[in-house]
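>>> Sharing a sequence plus its predicted fold:
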Number of protein chains: 2
Amino acid sequence: MSQDRAADRVVPVVLSGGVGTRLWPLSREGFPKQFWPLLGADTMLQATVARATGPGFAPPMVVCAEAHRFLVAEQLRDAGVAGARIVLEPAARNSAPAIAAAAILAAEEDPHAVLWVMAADAAIEDLPALHAALGRAAAAARAGHIVAFGMRPTFPETGFGYMETGAALPGLDGAHAIASFVEKPDLARATEFLQGGRHLWNAGMFVARAASLLAELERLQPELVAAVRAAVDGAGRDLDFIRLGASFADAPSISVDYAVMERTAHAAVVPADLGWSDVGSWDALWQASPKDAGGNATHGPVSLLDARDCYVRSEGILTTVIGLRDVVVVSTEDAVLALPRDRAQDVKKLVEQLKAEKRPEAGAHRRMYRPWGHYEGLIMGDRFQVKKILVRPGEKLSLQKHFHRAEHWVVVNGTAIVERDAERILLRENESVYLPLGCVHRLENPGMIPLTLIEVQAGSYLGEDDIVRFEDTYGRA
Amino acid sequence: MSQDRAADRVVPVVLSGGVGTRLWPLSREGFPKQFWPLLGADTMLQATVARATGPGFAPPMVVCAEAHRFLVAEQLRDAGVAGARIVLEPAARNSAPAIAAAAILAAEEDPHAVLWVMAADAAIEDLPALHAALGRAAAAARAGHIVAFGMRPTFPETGFGYMETGAALPGLDGAHAIASFVEKPDLARATEFLQGGRHLWNAGMFVARAASLLAELERLQPELVAAVRAAVDGAGRDLDFIRLGASFADAPSISVDYAVMERTAHAAVVPADLGWSDVGSWDALWQASPKDAGGNATHGPVSLLDARDCYVRSEGILTTVIGLRDVVVVSTEDAVLALPRDRAQDVKKLVEQLKAEKRPEAGAHRRMYRPWGHYEGLIMGDRFQVKKILVRPGEKLSLQKHFHRAEHWVVVNGTAIVERDAERILLRENESVYLPLGCVHRLENPGMIPLTLIEVQAGSYLGEDDIVRFEDTYGRA
């Protein structure tokens, strides 16, 4: 089969649909785990994309929820990633429909394209080993296989799926058939697997040609493919996003493991030692983090006294621990969680409880991302509230008005253009403007640096829904 | 001895000089324990004063640090306490000099006055028992004794001082001589005391005539009395405060126990079961608090999952605990602490560590009290900060200017009069004013309700010390 160099490149497909509930209060629906810098300075998404960047790779395709589109776009832009395609799911449908959409989109350009499917939120320590394993997996994929990465277990994890290594595939270095799949074994069995050396963790990372994947999906999940194909045909496409059509929601919610891997004759596995972690819980994050002499991993303003083997993380509030062992303490701007490391799986239950208690902290962060930048509430008073607003260079908010509140804007960094009814006002640092109740107004950052302003709202009702939009750059009017 | 009814009244002397470091991060030098509502809706100071209010009591005398004078005044005013005298110590000198000052001041009016000396930060459950014990103590005091309250131990505490009950004093119901004093016994001895029934906790609560106290202080601590007397003679007195003179600092720093009780022949003790607690640590506060079925005591927005025998407190941030036992988790607006209850004494060590790390949270809260009200920082940016300012009705800030910052003020509640150079501007709710760098300005609340405003500062230096005061109602110019 003859191919040019571009067609040889691997297409990274990054699945960014997860919520990471077990990392609450950091990870929440509004701002999940993959968007946080859990290990090092890059966010998990940025680190994931960085591992799939270079001469051998096409620009990545990132599949995410509509609600996260500006987060993904901003983080990719921030990381200097060019040419990425951001595919928006109108509803979460597990991995198989997301992968099907990516395969259909990739096949439009080249059915022979080799896709490397990966989660946006895992950690991998050994990059050379990863790329070596990817080379072996891509070779097997080019030979028609659908190839999983199999991570050699380092402890008897009971929460993962395992794959049993089968016969070596002739002529394909390091690739094996898969003898069996075992989902979430009990501890005895997981310990046996760890000692036996034949069972590998399923890391949710796959390599396959778009055409091979689609052929098996068509055969095994025809309704799924039909729904996703209709969603791709009906997709809205602009420079930034591919918005899948509503029929995407008709696809069954199913993982690629159940839908394809456990049922296809073409499955293969490439065993690998990558220092991989799903970073799926606070305990897993502790395991994957560098530690001090006392076994503690910390992040942010933290002070410890006689703590041992703890994970202590702060997003700003001074967080202190005395005399605790094997405990996790995490603080964000609006929530604190303390628990033993070995109860890390129960964070999910706590979040359910918080939802039942109707706590907004269960799902939303105080900082809200918008297409033009973000804002955060500083204080909510009786009939006033104060927000800090950041508008990225060149961006503008919608032309809008409010029925129940007036607003004061004070520019503290950068430059703003404010439309107020018929006026157009240039505001520099340390200048302010008053927007009386009912006036039609718009905020824009005409400058080259971010615009930060403090907004003081006053009125009898201060909900986000008191807004009439007349015009919007981002299609929200 | 014949007395009128007024002279029969007991004079409460409330010592409010403590810092309560072991209740960090709630209690800090800037806003210590006695000013917090640790149990119930009243602050500890308010609850203490409320126990000494009624027909049998003269208005209280509160001895506190100068830095806390407006806090004390505001909390007494808030509790509706009239006629209190607030005595300001220019330096902390332990209990004996503070009591000497109170005794000298009380003796000015009536040397026979019976003083009831108490800490501002203890909890007492059984009010009728307290007043019955006080009756017995006052009778012994009128007979010339210096009478301690002896709390019957309920557990083998090793951090307290103990008094051994001696012979009953003839004719004085319930009062005994003190056979011996034991400071901080080891656990074996404390357990023995608990079983023996003769040893009582010294709760730092005393009853004595002003004259009896002064006579013994003069005899045993002549230099102390000389220094304190000079401080009283040199005191500044106005409607609100008695500011002791600088010579107060010449008095030795010594407790009334060492200075008098352990050395006087007139010492007596009245045993009592009051449900008393010094609330000296998070563990003590847990002991004294009401608990749920799982033994947990909580305060504020808290959510627990499988927690047992924990103390979990939040001053606003949602604070959650999973699966911990016998642990304390406390969050304030700017700090979090987690520790096992049995390490509660080590909070002091942590605060030392935080001071060494130069963390401002070690000593100061974000809300700062001022004679005119208070303010709190909402956000500190690169070259800006935002504060919420509350000015009490009728109060005004100093006439001032800044060299490095301009200010925007937005009134969100109440009414303000703003002087700006030669102008005098009335600002209503939802109006704002700009104070350019270098202008001379002043803020006043002419109204009947508190004035709340949002201040946005912009400038190259935003420290509190960039202020020139020209005139000040509170003597700070």
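In hand now; what should we look at?

>>> The stretch 101-250 of chain A: helices as residue ranges?
With helices called from DSSP state H, counting those that start in this stretch, the stretch 101-250 of chain A shows them at A:127-142, A:187-196, A:210-220, A:222-233.

>>> The first one to helix A:210-220, inter-axis angle?
Pointing back at helix A:127-142 there. Angle of helix A:127-142 versus helix A:210-220, following axes from the mean of the first three to the mean of the last three Cα atoms, to 10 degrees, is 60 degrees.

>>> Can you spell out which helices and strands pack onto helix A:127-142?
Contacts defined by 3 or more Cβ pairs under 8 Å, 6 or more residues apart in numbering or on different chains; DSSP states H and E place helix A:127-142 against strand A:114-119, strand A:146-151, strand A:199-209, strand A:267-272. Where C-beta positions appear, they are placed from N, C-alpha and C, glycine not excepted.

>>> So for residue A:429, what's the nearest residue that isn't a sequence neighbour?
Of all residues not flanking residue A:429 in the chain, residue A:411 sits nearest, at 5.6 Å (Cβ to Cβ, 6 or more residues apart in numbering or on different chains).

>>> er, residue A:380 actually
Counting by Cβ to Cβ, 6+ apart, residue A:380 lies nearest to residue A:462, which is 7.5 Å off, once chain neighbours are set aside.

>>> In three-state terms, label the one you found for me.
The assignment at residue A:462 comes out as coil when based on DSSP: H, G, I helix; E, B strand; the rest coil.

>>> next one: the one 4 residues further on
Each residue gets one of three states, and residue A:466 gets coil by three-state DSSP.

>>> Contact partners for it?
Neighbouring residues of residue A:466 by Cβ atoms under 8 Å, 6 or more residues apart in numbering or on different chains: A:402, A:403, A:404, A:405, A:459.

>>> ok, the residue nearest to residue A:380 - contacts?
A:380, A:383, A:384, A:385, A:404, A:405.

>>> Out of those, give me the one that has the most neighbours.
When neighbours are counted by other Cβ atoms under 10 Å in any protein chain shown, residue A:384 leads the contacts of residue A:462 with 25 neighbours.

>>> pretty sure that residue contacts residue B:414?
No: using Cβ atoms under 8 Å, residue A:384 is not in contact with residue B:414, being 11.3 Å away.

>>> Identify the contacts common to the two.
Shared contacts of residue A:384 and residue B:414 (Cβ under 8 Å, 6+ apart): residue B:452.

>>> And the residue of the stretch 101-250 of chain A closest to chain B?
Of the residues in the stretch 101-250 of chain A, the one nearest chain B is residue A:159, at a distance of 16.9 Å by Cβ to the nearest Cβ.

>>> Could I get the pLDDT score of that residue?
We have a pLDDT of 88 for residue A:159.

>>> That one touches residue A:280, doesn't it?
Yes: applying Cβ under 8 Å, one finds residue A:159 in contact with residue A:280, separated by 7.3 Å.

>>> Quick check on those two: which one has the bigger neighbour count.
Set side by side, residue A:159 and residue A:280 show more neighbours around residue A:280, with 22 against 14, by other Cβ under 10 Å.

>>> quick one, what contacts that one?
Contacts for residue A:280 (Cβ under 8 Å, 6+ apart) come out as A:20, A:22, A:23, A:159.

>>> Among these, filter down to the buried ones and hand me the ChimeraX syntax, if you would.
In ChimeraX, a selection of the buried entries from the contacts of residue A:280 looks like this (16 or more other Cβ atoms under 10 Å in any protein chain shown):
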select /A:20,22,23
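
>>> Turn the contacts of residue A:280 into a markdown table, including secondary structure.
Output for the contacts of residue A:280, formatted as a markdown table (three-state DSSP):
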| residue | secondary structure |
| --- | --- |
| A:20 | coil |
| A:22 | helix |
| A:23 | helix |
| A:159 | coil |
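
>>> Quick check: residue A:355 touching residue A:363?
Yes: assessed by Cβ under 8 Å, residue A:355 is found in contact with residue A:363 at 7.2 Å.

>>> quick one, phi psi at the spatially most distant residue from the centre of chain A?
Within chain A, the residue lying farthest from the chain centre (Cα atoms, centre = their mean) is residue A:422, at 42.0 Å. Residue A:422 adopts backbone torsions of phi -80, psi -10, taken as degrees, to the nearest 10.

>>> same check, this time on residue A:186
Backbone geometry at residue A:186, expressed as degrees, to the nearest 10, gives phi -80, psi 170.
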